[in-house]
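*Asks:* structure, please.
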Amino acid sequence: MTDPVPHIPNPPRSRRLRWLLVASLTLNLLVVGVVAGVGLRFAGGDMPPPRSIGFGPWSGGLDRSDHKALREAFGATGRDFRADWQLEREDRAALLAALRADPFDPAALDSVTARMNARATERMDLGQRLIRDHILAMTPDQRRAFADRLEMSRRHGKDGGKGRDGDRGKDRPGD
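*Replies:* Numbers count the residues shown, from 1 in each chain. Predicted coordinates:
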C-alpha cells in the first residue's frame, strides 16, 4: 500500500495580494473597454467629416451637438468621404510628381491644382449649405448661444485659447 499524501494546508493569502489582483483585473477590463469602445465608435465608416469640409468662419461656434448633427447631415448626402480622401492622396502624389518633374511641366501642375481646387470648392459649398440649414433649424436661444460661442472663439483666437485643436466638439458651459 502507498502512504497517503500528507495534507498541507494552503498558506493564507494576504489581503494586499487579493486587492492587487482585483485592481489589476479592473485596470485590464478598463483598457479592454476603452479599446472596444473606440473600435465600435469608428466601425462601419462612422468617421467625422474631413476638417476641410467648409465650415470656415462658423467652426468656432460649433459645439458637440452641432458637430453630431452636421456629421449626420453629411452622412445623409451619400457622399463617399473615403473616396474623397483617396482622391486627395492621389492628387498630393501627382502634385509632388509635377513639382519634381524634370523637365518641369506647368500644364501638369495646372491640371492637378485645378482638380484640387474644384474639389475644395465643392466641399466648401456643401459645408456652407449644410451649416446654413443647421442654423435655420436652430431655436432663437440656440442661435444666440451659437453666436456667443462664435464671438468667444474670435475674441480668443482661432482655437479659443485652448491649444492647437481648441475645445471643438466639446460642450461649453452654458450650453
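*Asks:* which residues of the protein fall in helices?
*Replies:* Using DSSP state H, the helices assigned to the chain run over residues 15-41, 64-76, 81-100, 106-136, 140-155.
*Asks:* right, and the ones you listed - which one's nearest Trp58?
*Replies:* helix 106-136 (5.1 Å; Cβ to Cβ). (C-beta placed from N, C-alpha, C; glycine too.)
*Asks:* any stretches of the protein with poor pLDDT?
*Replies:* Along the chain, the parts satisfying pLDDT under 70 run over 1-13, 25, 27-56, 156-175.
*Asks:* recalculate using a threshold of 50.
*Replies:* 43-52, 159-175 (pLDDT under 50).
*Asks:* neighbours of the residue nearest to Asp91 when sequence neighbours are not counted, how many?
*Replies:* Counting by Cβ to Cβ, 6 or more residues apart in numbering, Met116 is the residue found nearest to Asp91 once chain neighbours are left out, at 5.1 Å. As a burial measure, the neighbour count of Met116 was computed by other Cβ atoms under 10 Å and equals 16.
*Asks:* the chain should start at 21 in everything you say after this.
*Replies:* With 21 as the first residue, the last one maps to Met136.
*Asks:* could you dump the helices of the chain to TSV with distance to Pro77?
*Replies:* Compiled in TSV, these are given as follows (distance: least, Cβ to Cβ, whole Å):
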stretch	distance to Pro77
helix 35-61	29
helix 84-96	14
helix 101-120	22
helix 126-156	10
helix 160-175	8
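*Asks:* lovely, talk soon.
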